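>>> here's a sequence, model it:
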Amino acid sequence: MNDITGKKPLDLHDEAIIRLLREDGRMHVRTIAERVGLNDATVRSRIRRLEEAGIMRVVARVDLAAAGFPYSCLVGLRTRGRDFDEVSRHLLEIDEVVSVLSVIGRNDLEIQIIARSLDELNTLLATRIPTIPGIMSTESALAMKIYKYVQPWGRFDAESPGQGVLAMTPLDLTEIDHQILDRLTVDARVSNREIARELGLTEGTIRMRLKRLTDEKAIHVTAVTSYDHLPDPLVSYLWIDVDTAHTIAAVAAALANQPEITYVASLVGRADILAITWVRDATQLAQYLHNAIGHLPGIGRIHYELTHQLIKHDYRLTTIVQ
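Numbers count the residues shown, from 1 in each chain. The predicted structure is shown next:
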């Protein structure tokens, strides 16, 4: 499978720059230049071109648990009597719905919801979502442990995602911290000096506050690629049942080690494990399942879904795996 870095006109240097910015979105231009074998000015120009072309953004992603949302649930929806656009419009009005995809498979839509408590999760699952006109049935899986969450992609053609759940976070932040975070979730390549100038603070204050947020695993600054520039355009959900319950952790860890996999979580409900990957088509998925996944010890049954359309994905949210 191809690395998720983007379509042409990217060359090998562009792809290398994006990979480095995925590791550390605020990596110094000089460091990037040394590692990719270019001069500083060329690297700076390439980053600017990637951003202006809508291929890549560098943003601060906020850890869900640190933001006060320890519960994450994957929900499959079957619809009837309403088109996707109308059902999706209602889903998009719920801030706790952070991902919406139309899929080909047992369900019509797959969504991810987050919650601050089990009571809040129950309200979402039992009341708010099932009562949306057009939703016929739901099936849910609660993520018990997330082993990998590196989905570095999003829709850039949509309007700004706004504050959404970030406005509801109980992070131990001052007003200044919120202002810094607001800036970094839009453009995390902005310099400490520029943030300090905009907020009327010293550069040292900005550096200190960013270090605290990073050290406490509250944020991770990384490059995000536009969904429209992915070489493999289909998201595939792999719902996996293992042979025996005691092998769940080992199978999940093995899946997380595969570079093609962008998300792995052990579940309660629907399956034992969910893994997410990207493919060009159903043929490539079948080959991947046979050659890479099917031979992993402990895997019993795999049920998969392919996306038809990415409707929403809040790329500012993540789980920072220790």
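>>> make it CA atoms for all contacts and neighbour counts henceforth
Noted.
>>> any chance you could map the strands in the stretch 1-150 of the chain?
Assigned by DSSP state E, counting those that start in this stretch, the stretch 1-150 of the chain shows strands spanning 56-63, 71-79, 97-104, 109-115, 135-149.
>>> each with direction, which strands does the helix or strand hosting I276 pair with?
Here I276, judged by DSSP states H and E, is contained in strand 273-279. When pairing is defined by DSSP bridges, strand 273-279 lines up against strand 234-242 (antiparallel), strand 261-268 (antiparallel).
>>> so which of the ones you listed gets nearest L74?
Minimum separation from L74 across the strands paired with strand 273-279 (C-alpha to C-alpha) falls at strand 261-268, 9.2 Å.
>>> relative to strand 135-149, how tilted is that closest one?
On the basis of axes from the mean of the first three to the mean of the last three C-alpha atoms, to 10 degrees, strand 261-268 is oriented at 120 degrees to strand 135-149.
>>> can I get the CA coordinates of strand 261-268 in PDB?
Output of strand 261-268 as PDB, limited to C-alpha atoms (Å, rounded to 0.1, in the frame of the first residue of the first chain):
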ATOM      1  CA  ILE A 261      -3.300   0.600   9.800                       C
ATOM      2  CA  THR A 262      -4.200   4.100  11.100                       C
ATOM      3  CA  TYR A 263      -6.600   3.200  14.000                       C
ATOM      4  CA  VAL A 264      -6.800   0.200  16.300                       C
ATOM      5  CA  ALA A 265      -9.100  -0.300  19.300                       C
ATOM      6  CA  SER A 266     -10.400  -3.200  21.400                       C
ATOM      7  CA  LEU A 267     -14.200  -3.100  21.700                       C
ATOM      8  CA  VAL A 268     -17.200  -4.100  23.600                       C
END
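>>> tell me the mean pLDDT for it?
For strand 261-268, mean pLDDT rounds to 96.
>>> could you do stretch 302-316 as well?
Stretch 302-316 comes out at a mean pLDDT of 88.
>>> D177: what's it in contact with?
R209 (C-alpha atoms under 8 Å, 6 or more residues apart in numbering).
>>> can you tell me which of the strands of the stretch 1-150 of the chain is most buried?
strand 56-63 (a mean of 26; mean count of other C-alpha atoms under 10 Å).
>>> name every strand pairing with that strand and say which way it goes.
Counting by DSSP bridges, strand 56-63 is paired with strand 219-226 (antiparallel), strand 317-318 (parallel).
>>> most packed of those?
The most buried one of these (mean count of other C-alpha under 10 Å) is strand 219-226, showing a mean of 26.
>>> tally of neighbours for G134?
18 (other C-alpha atoms under 10 Å).
>>> out of the strands of the stretch 1-150 of the chain, which is closest to H303?
Judging those by C-alpha to C-alpha, what sits closest to H303 is strand 97-104, at 11.9 Å.
>>> what strands line up against that closest one, and which way round?
strand 109-115 (antiparallel), strand 299-313 (antiparallel).
>>> just put those in a markdown table and tack on distance to T214.
Shown next, in a markdown table, are these (distance: least, C-alpha to C-alpha, whole Å):
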| stretch | distance to T214 |
| --- | --- |
| strand 109-115 | 22 |
| strand 299-313 | 23 |
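>>> pull the residues that contact the lowest-mean-pLDDT helix or strand in the chain.
For the chain, the helix or strand with the lowest mean confidence is strand 153-154, at a mean of 80 (criterion: mean pLDDT, DSSP states H and E). Residues outside strand 153-154 that contact it (C-alpha under 8 Å, 6+ apart) are V224, T225, S226, Y227, K312, H313, D314, Y315.
>>> is it true that T138 touches G76?
Yes. Using C-alpha atoms under 8 Å, T138 is in contact with G76, at 5.5 Å.
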